[in-house]
Structures are given as structure tokens and as C-alpha cells.
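**Q** here is my input; please provide its structure:
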Amino acid sequence: MDASTHITAVTNQKGGVGKTATALNVAGALAEAGHNVLLVDLDPQGHLTDGLGISQAPAGEGAANLYRALIGEYTGSIADLIAPHSTPAGRLDLVPNTIEMFMAVRELDKQRAREHRLARLLAAVRGIYDHVLIDAPPSLDILTDNALAAADGVLIPVQAEDSSLKALRLLLPQIASVDADLRDKPLELHGLVVSLLRRPTTKLAESVLAELEQLDGLPILGTVPLSVVVTEAWRSGRTVVDYAPDSEHAQAYRVLAKTLGGGQ
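**A** Numbering: from 1, shown residues only. Here you go, the predicted structure:
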């Protein structure tokens, strides 16, 4: 295992918490700092692929795509699964989604060593990329287990809502279970990213934030306010640090990149 490559799973089984935006824009901030970064769109919904303005990988028997690689039907080089994305500074590449990913959970359950399929695939990029960020699906299924088994650390996007507290009560035991059953050493819990924070902050949000701050070993690494800037960057197929480099949102993602050891 090459320690020079750090793999991070960006995960939360609750949808709509800014998970994909976090993965995309932290990766953009890492690339801006001059790092070589690979994104992996493990979510069958494919929002990360859309957010970079990249076409989905081809589908069908014999196709080179992430789904076929995970179920063992594609055994070629991972380089053929990677799509480049232009960035002003470092390298930002993507393993894109494919429509066939919707079949991945069902098919992976039939495979041997099914939780380690992604880890085996990503072993080939260790030492090539400085950082790999995996956009896990909003569920506690075999794809999320693959992300957690492959990663070195975890970044957890949340919202300042009671539902995020409930989701964490499910996610953290899942991580502990993966640590116990599928890993040689525990995942590094980088911490929480509070996304889509409305301003002015409501009393409910302040209450939830106070509870999140009390979580032992799971610090709040940063907050990203709700803003059209993130959506506009997404629609243009660009990261926030590229689209609006002077925005507070770009700065928030730069701070998060530093927590992963890759900021400027």
C-alpha cells in the first residue's frame, strides 16, 4: 500500500446533505493546490459525473466501466475507466458513472470478497494520485461497504437538522462494523462538513450544531452556507474554486482540503 495516496470516502446514507458537492469541491480545492486527484462516482445516481460535465461511461457487455470492473467482467487497466477533467492547476480526473451501476448492489451480492472489489481496483492508482475521493451512495449497502473498505479515511457531510443526527446514529455503527470485519486498521474519521446551512441560522439549526459539536472524535471541520454559487458551478461543469475562487464557499472547501493534508 502506497502511503503517498490518501483515499477518502465521502459518505452519508441520508440523501440531500451535500455529499456529492462536498466530494466534487474538496477535490477541486485539492487540485487547485497542485495535487493529482481522482474522483470515483460510486453513486448509481451519477450526480458527480453530471457535476463535472462528463458523459457517463458506455454500457453493455464488454464495456469498460466501473460496474463491469466491480463485478469482474472488465479486467483491463483502470486507466481505461478514467476520464480527465480540465483544471487550472493540478490534475482532476474521474471514474464516471454508468447507467449499469443501478444493478451493482444486486450483482455484487453474488461475488466472492464482494466488499473488497473497489479496494482491489483502486490499488492500481496508489502512488499515481495524491488523493482519491469516493462519492458513496446515500445508503448503507454493499457499495458503501466497498467505499469504506477501500478508503483510508471518511468525510461525513451533514445538515443542521434532526434527521442528520438520526442518520449518524446509523452510519457510525456501520463504520465500526466495517472496521471490525473488513479492515486491518480502523478508518480515520476526518469529521463532519455542515452543508447547505441557511442564514440567518435558525434556533433549530443552532441546537443541532450544538449536539454535533458534542460528538466525541468527530469534529465539525467546516460549514458551507446554502448559496446559488455551488449550483451555478455545478451547472457549468466546474468546481467552486474554479468558478468562484474568491467566494466564501471556495474558501470553505480550501479549508476542508487542508484537513485532508492537501491544502495550500
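**Q** quick check, pLDDT for residue 188.
**A** We have a pLDDT of 95 for residue 188.
**Q** residue ranges with poor pLDDT in the protein?
**A** For the chain, residues meeting the criterion pLDDT under 70 lie at 1-3, 87-88, 200, 262-264.
**Q** show me what the lengthiest helix in it is packed against.
**A** Longest among the helix segments of the chain by residue count, using DSSP state H, is helix 162-182. Here helix 162-182 touches helix 142-150, strand 153-158, helix 203-213, going by 3 or more Cβ pairs under 8 Å, 6 or more residues apart in numbering; DSSP states H and E. For the C-beta atoms, the positions are set from N, CA and C on the backbone; glycine is no exception.
**Q** and the contacts of the longest one?
**A** Outside of helix 203-213, the residues within contact range by Cβ atoms under 8 Å, 6 or more residues apart in numbering are 158, 160-162, 164-165, 192, 194, 197-198, 201, 218, 220.
**Q** buried sites along stretch 252-264?
**A** 252, 253, 254, 256, 257, 258, 259, 260, 262, 263 (16 or more other Cβ atoms under 10 Å).
**Q** how far away is the first one from residue 154?
**A** Applying Cβ to Cβ, to the nearest Å, the value for residue 252 to residue 154 is 19 Å.
**Q** that older thread, which among the helices and strands packed on helix 162-182 is found nearest to residue 187?
**A** Minimum separation from residue 187 across the helices and strands packed on helix 162-182 (Cβ to Cβ) falls at strand 153-158, 5.2 Å.
**Q** report the buried residues of the closest one.
**A** Of the residues in strand 153-158, 153, 154, 155, 156, 157, 158 count as buried by neighbour count, 16+ other Cβ under 10 Å.
**Q** next: stretch 94-104.
**A** Burial within stretch 94-104, assessed by neighbour count using 16+ other Cβ under 10 Å, is assigned to 94, 95, 96, 97, 98, 100, 101, 104.
**Q** tell me, how many residues neighbour residue 125?
**A** The number of residues packed near residue 125 is 20, by other Cβ atoms under 10 Å.
**Q** what do you get for residue 223?
**A** 17.
**Q** and it, bridged to which residues?
**A** Beta bridges link residue 223 to residue 194 when assigned by DSSP bridges.
**Q** and the gap between it and residue 215?
**A** In terms of Cβ to Cβ, residue 223 sits 15 Å off from residue 215.
**Q** which of the buried residues of strand 153-158 sits closest to residue 228?
**A** residue 157 (18.6 Å).
**Q** quick check: the closest one touching residue 190?
**A** No. Residue 157 lies out of contact with residue 190 (Cβ atoms under 8 Å); the separation is 11.2 Å.
**Q** who wins for proximity to residue 90 among the helices and strands packed on helix 162-182?
**A** For residue 90, the closest of these is strand 153-158, at 18.8 Å, according to Cβ to Cβ.
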